[in-house]
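S.K.: The sequence isn't on hand, but the structure is:
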């Protein structure tokens with residue numbers, strides 16, 4: 001069987017959890033005997049918009065390939081962009097002739113890619129890892145780091161206007177749509193607050209933004225309706241999406257390369273205790289909260305290792321300086337194949353996310369490696385982490401609550417051993433690949 005796997009990026013050009021998972025899944029499917037052709041966007045210097053380039057990936061035991069498409073900047077979106085993607089993806093499908101199209105993500109590609117698959121009557125499925133189908137902000141996190149409600153068009157529109165407002169401040173750099181307290185001067189901070197929470201009549205551009213959100217959600221419903229099967233990677237995500245998409249979804253958790261990570265068992269804690277942060281370094285990930293908490297731990301009781309990178313250079317440099325000030329070890333960006341080694345060198349993973357993060361891969365990787373976790377409370381995290389069994393949970397955004405959790409681990413050595421013993425490995429990547437293989441054969445021809 002030949003499968004086209006569609007992603008929003010792949011390492012090393014894009015390193016977030018979903019993109020890394022897409023690459024890992026391609027390898028696992030190849031090992032299971034599936035011919036895999038990945039299609040994903042990335043900048044291709046010197047090439048025209050929508051140009052494509054194919055390259056081989058994988059290994060002798062798990063060969064697969066990726067075709068890159070060079071997309072124009074996001075502001076080029078619209079009907080012309082949709083038609084161009086449809087033609088470009090159609091050319092890929094005509095060339096590679098897959099039996100099934102598996103959409104891991106459609107960020108940047110949208111309805112154009114789906115239309116190309118449907119025009120060729122190809123069986124298809126979509127696996128949702130975030131809120132992309134119901135919100136133009138897949139994190140559902142407003143510019144002031146407050147939660148967004150995807151059922152409220154106006155709140156999403158206000159966030160969109162707020163992000164455009166932040167674009168007017170060059171000193172924020174690639175802000176990713178978020179600011180922390182102190183990033184804006186007083187009047188500008190008040191203006192942002194008025195955009196997000198003030199009277200609707202005073203928000204310039206709100207009506208146009210509402211129209212964009214409604215178009216976006218219509219696109220999401222069309223994508224969900226246009227595939228043969230639609231899946232979500234967690235029960236909570238399924239519940240959030242199902243109401244807005246108007247169709248039944250199925251739950252299909254994402255897998256982790258458990259075998260590669262399990263080599264760290266059994267674990268011997270370091271002295272002092274070693275906390276670790278892994279992943280993208282952006283404001284919504286809450287690294288600043290963790291640094292504030294670690295600074296308040298008694299000297300010599302614990303260390304903190306920081307592994308990760310990002311494109312929000314202003315925040316990145318702020319965190320690098322802050323880490324230096326509190327004595328944390330800054331290691332920078334890492335490759336996916338280094339995760340196991342990094343996790344072997346820490347005792348506890350801390351995921352201080354400020355947004356309602358769905359099934360973060362780094363948490364599942366830590367558990368697969370036998371490493372207990374400390375996570376911010378959200379309905380999604382509580383699906384993955386059993387409080388007091390394999391990890392500790394603190395109140396999201398509350399540095400005092402986070403500090404108490406860290407202090408417990410430092411002062412109660414038996415607690416760490418208990419959490420280690422309570423870990424149950426997450427779904428193995430091979431099991432996920434086997435599930436998809438069965439799903440492919442069940443799709444209508």
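M.R.: On my side now, so go ahead. In this text the structure is predicted, and so the values were computed from the model without any measurement. Numbers count the residues shown, from 1 in each chain.
S.K.: ok, how many other residues are close to the residue nearest to residue 326 when sequence neighbours are not counted?
M.R.: Nearest non-adjacent residue to residue 326, counting by Cβ to Cβ, 6 or more residues apart in numbering: residue 295, 4.3 Å away. For glycine as for every other residue, the C-beta is placed from the backbone atoms N, C-alpha and C. Residue 295: 16 surrounding residues under other Cβ atoms under 10 Å.
S.K.: What values do phi and psi take at residue 295?
M.R.: Main-chain torsions, residue 295, degrees, to the nearest 10: phi -60, psi -30.
S.K.: how many other residues sit next to residue 188?
M.R.: Neighbour tally, residue 188, other Cβ under 10 Å: 15.
S.K.: Repeat that for residue 53.
M.R.: Residue 53: 12 surrounding residues under other Cβ under 10 Å.
S.K.: Look up how far residue 337 lies from it.
M.R.: For residue 53, the distance to residue 337 (Cβ to Cβ, to the nearest Å) stands at 24 Å.
S.K.: Quick one: low-confidence residue ranges for the stretch 301-445 of the chain.
M.R.: By pLDDT under 70, the stretch 301-445 of the chain contains no weakly predicted segment.
S.K.: And the helices in it, which stretches?
M.R.: Assigned by DSSP state H, counting those that start in this stretch, the helices in the stretch 301-445 of the chain fall at 313-326, 339-344, 361-368, 381-384, 399-411, 413-421, 429-442.
S.K.: Reformat the ones you listed as JSON lines; add distance to residue 60 and mean neighbour count.
M.R.: Output for these, formatted as JSON lines (distance: least, Cβ to Cβ, whole Å; neighbours: other Cβ atoms under 10 Å):
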{"stretch": "helix 313-326", "distance to residue 60": "37", "mean neighbour count": "16"}
{"stretch": "helix 339-344", "distance to residue 60": "22", "mean neighbour count": "18"}
{"stretch": "helix 361-368", "distance to residue 60": "26", "mean neighbour count": "26"}
{"stretch": "helix 381-384", "distance to residue 60": "34", "mean neighbour count": "18"}
{"stretch": "helix 399-411", "distance to residue 60": "43", "mean neighbour count": "18"}
{"stretch": "helix 413-421", "distance to residue 60": "37", "mean neighbour count": "15"}
{"stretch": "helix 429-442", "distance to residue 60": "18", "mean neighbour count": "17"}
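S.K.: Out of those, flag the one nearest residue 188.
M.R.: Nearest to residue 188 among the helices of the stretch 301-445 of the chain is helix 313-326 (15.4 Å), distances taken as Cβ to Cβ.
S.K.: can you count the residues close to the nearest residue to residue 7 once chain neighbours are set aside?
M.R.: Nearest residue to residue 7 in three dimensions, chain neighbours excluded: residue 22, at 3.7 Å (Cβ to Cβ, 6+ apart). Residues within reach of residue 22, counting by other Cβ under 10 Å, total 26.
S.K.: Roughly how far does residue 22 sit from residue 4?
M.R.: From residue 22 to residue 4 the distance is 12 Å (Cβ to Cβ).
S.K.: who touches both of those two?
M.R.: residue 38 (Cβ atoms under 8 Å, 6 or more residues apart in numbering).
S.K.: was I right about residue 81 contacting residue 112?
M.R.: Yes. Contact criterion Cβ atoms under 8 Å: residue 81 and residue 112 qualify, at 7.1 Å.
S.K.: So the residue nearest to residue 7, which state does it fall into?
M.R.: helix (DSSP: H, G, I helix; E, B strand; the rest coil).
S.K.: show me the biggest helix of this protein in terms of residues.
M.R.: Looking across the chain with DSSP state H, the single longest helix is helix 206-226.
S.K.: Specify the next element, helix or strand, located C-terminal of that one.
M.R.: Per DSSP states H and E, helix 206-226 leads on to strand 229-232 as the next helix or strand towards the C-terminus.
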